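**Q** Next come a sequence and a model predicted from it.
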Amino acid sequence: MMLYDQFLTTLTTQKNIQHAFSSIVYKWNGSHLESYQFLAEGRINIVFRLIVIYNHNLENFILKIYMSDDSEFWQGEGKEFYLEKLLKLNSFSNYPKSYIYNNKMDDIPYSYEIMEEIRGGILTNMNFNIDFQKLGFVLAQLHKIKVKSYGKDLLSSQHESADTYYANYFLNAINCFEKYNGELATTFLKLWDTSYEPDLYKKITPVLIHHDVHAHNIFIDKFGYPILIDWDSARGGIKEYDFIKLKYLNTNFYTKDQKENILKGYLSIANLNFDKNFILYELCWLARMYIFEMKHPYYGQYFPNKEFYYENFINLSTQVEDKSNFYKNYPDKFFEGVIANEY
């Protein structure tokens, strides 16, 4: 619990935390904080439950506190708050409501967000049968939402083409690879030179993607329906990119059939095209995660170690042409071929 320990060190005592959280709640809606509970720690944030006396009743809310200061891997903050209007407008309801986002750093020296607490549980904690096709349906519905631009700034008035945006993305990634591992940079640069096809992007319209879909960010509500949480990485992008983390993260929590059912659900109402440019993005993500784990080692059960990302990068880098041809005919087999290790 490295981030939680960092948070405790910053506020020094439980009494200080209680006082800070009480002030946050009172400024938000004039209510009284009865108590709080630490719930979970992510890679860039920590999550608490706030038990609040609200309208003469005890109500639970979620407080998410943003802790990361790594500019090379900064994803964004308060996306649930800013995205809610867009999601509502497009009749998408599989997300937690956000009530307030504050980046003034007044009561605590971090940005934070208060959201509704949904009754149910995280997919990684579930031990009963779940219809995984429903997750495919939810993602297909999300990807119907068209946006004006690519990237994390969904309010941007600068509308780059997909080719320009992803060319810049790859160049920035290569600079990062060179800083930490020259072999990754050389391998990826060669593949980009030989496999990148800018024309593939010409007819693509950016859609809203969550960009952090994996078992630990999928909540199953009391009716058994998937809710996507933790939208900090959300952006305008290409819909296929939402399947990369489902493929590689939390592999211990899915069976082969469950993964295939996600794709079956999606493909029953929408198409997928895992072309060569997609595979370059997949490789880029694997390399970035290898570097992220070098900088921020994770010792829990939910996420792989850096060796996992490196081995899968090397393996996939030798199969770009073959994989793109295979996925063209068998998009439902996208989750196959991951080199697993014990993590």
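**A** Alright, I've got the coordinates.

**Q** So which residues of this structure form strands?
**A** For the chain, strands defined by DSSP state E occupy the ranges 32-41, 45-54, 57-66, 98-102, 111-116, 120-122, 207-209, 218-221, 226-228, 235-237.

**Q** Please identify the buried residues of the first one?
**A** The reference is to strand 32-41. 33, 36, 41 (16 or more other Cβ atoms under 10 Å). Every C-beta, even on glycine, is put in place using the N, C-alpha and C of the backbone.

**Q** out of those residues, which one sits closest to Trp285?
**A** Glu41 (22.4 Å; Cβ to Cβ).

**Q** Quick check, the closest one in contact with Lys64.
**A** No - look at Glu41 against Lys64 with Cβ atoms under 8 Å: they stay out of range, at 10.9 Å.

**Q** Identify the contacts common to those two.
**A** Residues touching both Glu41 and Lys64 by Cβ atoms under 8 Å, 6 or more residues apart in numbering: Val47.

**Q** what's the burial count for Lys15?
**A** Neighbour count of Lys15, defined by other Cβ atoms under 10 Å: 9.

**Q** Skipping its backbone neighbours, what lies nearest Leu208 in space?
**A** Ile145 (4.2 Å; Cβ to Cβ, 6 or more residues apart in numbering).

**Q** and what of Val147?
**A** Counting by Cβ to Cβ, 6+ apart, the residue nearest Val147 is Gly236, at 4.0 Å.

**Q** show me the contacts for the residue lying closest to Phe243 once chain neighbours are set aside.
**A** Nearest residue to Phe243, sequence neighbours excluded (Cβ to Cβ, 6+ apart): Phe334, at 6.2 Å. Shown in contact with Phe334 (Cβ under 8 Å, 6+ apart): 243, 247, 263, 272, 274, 327.

**Q** now with 7 Å?
**A** Phe334 makes contact with 243, 247, 263, 274, 327, according to Cβ atoms under 7 Å, 6 or more residues apart in numbering.

**Q** In space, what's closest to the second one - neighbours in sequence excluded?
**A** This means Lys247. Spatial nearest neighbour of Lys247, excluding adjacent residues (Cβ to Cβ, 6+ apart): Phe335 at 5.1 Å.

**Q** Give me the distance between Tyr201 and Glu282.
**A** According to Cβ to Cβ, to the nearest Å, Tyr201 stands 16 Å off from Glu282.

**Q** for Ser161, same thing?
**A** Distance of Ser161 to Glu282, computed by Cβ to Cβ: 21 Å.

**Q** Who has more neighbours out of the two?
**A** A count of neighbours by other Cβ under 10 Å puts Glu282 above the other of Ser161 and Glu282, at 23 against 14.

**Q** hey, where'd the helices end up in the stretch 151-300 of the chain?
**A** In the stretch 151-300 of the chain, the helices defined using DSSP state H, counting those that start in this stretch lie at 162-180, 182-195, 244-248, 256-267, 276-295.

**Q** Could you point out which of the ones you listed sits nearest Phe223?
**A** Closest approach to Phe223 among the helices of the stretch 151-300 of the chain (Cβ to Cβ): helix 256-267, 16.5 Å.

**Q** got the contact list for stretch 264-273?
**A** With contacts defined as Cβ under 7 Å, 6+ apart, stretch 264-273 is touched by 132-137, 139-140, 143, 240, 331-332.
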